[in-house]
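**Q** Turn this into a model:
(one chain, ligands or ions: 1)
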Amino acid sequence: MQEITREDIGILVQLQKAETETVRIESFLKKIDKEKSSLEKKLAKFETALKVKKDALERAATLCRETEAEVQMLGDRVVKSNESLRLVKTNKEYQALQREVDDNRKRKETLETSLIQFLEDEEAKQALVTEKASEFAQLTEKIRADQEEIDKKGENDRELLAQYRQQREEIGVKLDGTLYRKFNEISDTSGGLAVVQVRDHLCRGCFMSIPPQLYIEVQRANTLIMCPQCNRILYYAEPEEDTVGAD
Ligand SMILES: [Zn+2]
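**A** Residues are numbered from 1 along each chain as shown. Next up is the predicted model:
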């Protein structure tokens with residue numbers, strides 16, 4: 001059993017205070033980083049959806065332009081064939097050419113009917129893209145502002161974190177090396193809570209009831225006592241003293 005002094009306990013309690021703050025701030029900073037990246041994802045998702053709509057608009061526009069060109073071409077062909085009609089000599093030739101004119105005219109009419117629908121579709125898609133692009137611009141602005149706000153929120157804490165980390169190191173060197181390693185080990189496996197108070201015969205880390213004999217040893221504070229259940233370092237403090245632990 002490792003022998004310790006009351007002074008060691010005092011240092012351990014101080015170390016735990018710095019550790020608790022460090023862990024708290026680290027977890028807060030992690031949380032806000034997550035918030036930031038989740039906003040970024042939201043924006044990217046919106047942008048992808050907008051791109052899909054823009055692509056659809058482009059396809060609709062291409063279809064319109066191609067259809068318009070074909071209508072134009074068929075119209076030209078009809079005009080040209082009508083001119084040729086006046087020059088043909090035989091009845092057979094005339095009938096063949098007339099049939100061609102009729103076919104082209106019919107094809108042109110069908111395309112014109114389709115074109116009306118294509119143009120309506122293009123217009124609807126254009127309206128949607130305009131609307132979504134404006135929403136995207138607004139969302140971008142809002143998200144950038146929110147992210148800035150989040151950055152600001154974290155700024156102080158980043159400074160504080162550096163301070164606590166330094167403090168933690170400064171306190172740590174006052175401890176015996178074995179004890180310091182032990183503290184770090186327990187802290188790593190116990191969610192940053194390595195040193196806990198025993199109060200009302202309960203371990204304040206896991207709330208297990210501490211057996212009377214062990215309780216007495218904790219009060220004596222001359223050996224390192226760990227909670228039999230959660231393996232955290234136990235210390236005793238008078239009820240009015242500062243507490244460290246899951247209160
Ligand atoms: Zn415990």
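
**Q** which bits of this protein sit near the ion?
**A** Contacts of the chain with the ion, taken as CB under 5 Å from the ion, map to C203, G205, C206, M208, C227, Q229, C230. (Each C-beta comes from the backbone N, C-alpha and C, glycine too.)

**Q** Show residues contacting stretch 20-30.
**A** If you take CB atoms under 8 Å, 6 or more residues apart in numbering as the criterion, stretch 20-30 is touched by G154, D157, R158, L160, L161, Y164, R165, R168, G191, G192, L193, V244.

**Q** Could you rerun that using 7 Å?
**A** By CB atoms under 7 Å, 6 or more residues apart in numbering, the list of residues contacting stretch 20-30 from outside reads G154, D157, R158, L160, L161, Y164, R165, R168, G192, L193, V244.

**Q** helix or strand right after the lengthiest helix in the chain?
**A** Counting by DSSP state H, the longest helix found in the chain is helix 91-172. Scanning forward in sequence from helix 91-172 by DSSP states H and E, the next helix or strand is helix 177-189.

**Q** average model confidence for that following helix?
**A** Taken as a whole, helix 177-189 carries a mean pLDDT of 95.

**Q** do the same with stretch 111-129
**A** So the average pLDDT for stretch 111-129 ends up being 98.

**Q** quick revisit: what subset of the contacts of stretch 20-30 is buried?
**A** G154, D157, L160, L161, Y164, R165, R168, G192, L193, V244 (16 or more other CB atoms under 10 Å).

**Q** and which of the residues you listed is nearest to K106?
**A** Nearest to K106 among the buried ones among the contacts of stretch 20-30: G154, at 70.1 Å, using CB to CB.

**Q** which stretches of the protein have low pLDDT?
**A** Across the chain, the ranges flagged by pLDDT under 70 are 239-247.

**Q** Grab the most central residue of it for me.
**A** A centroid search over the chain (CA atoms, centre = their mean) returns S38, at 1.8 Å, as the residue closest to the centre.

**Q** can you state the direction angle for the helix or strand hosting it and helix 91-172?
**A** For S38, the host element (DSSP H and E) is helix 6-85. Going by axes from the mean of the first three to the mean of the last three CA atoms, to 10 degrees, helix 6-85 is angled at 170 degrees with respect to helix 91-172.

**Q** And V101, how far from the ion?
**A** Noted for V101: a distance of 98 Å to the ion, by CB to the ion, to the nearest Å.

**Q** ok, for that residue, nearest residue in space, not its chain neighbours?
**A** Distance criterion CB to CB, 6 or more residues apart in numbering; nearest residue to V101, sequence neighbours excluded, is S81 at 4.6 Å.

**Q** I figured the one you found was touching R99, is that so?
**A** No - using CB atoms under 7 Å, S81 is not in contact with R99, being 9.9 Å away.

**Q** Neighbour count for these two, which is higher?
**A** The residue with more neighbours, out of S81 and R99, is S81; 18 against 11, by other CB atoms under 10 Å.

**Q** relative to helix 177-189, how tilted is the helix holding S38?
**A** Counting by the same axes, to 10 degrees, helix 6-85 lies at 40 degrees to helix 177-189.
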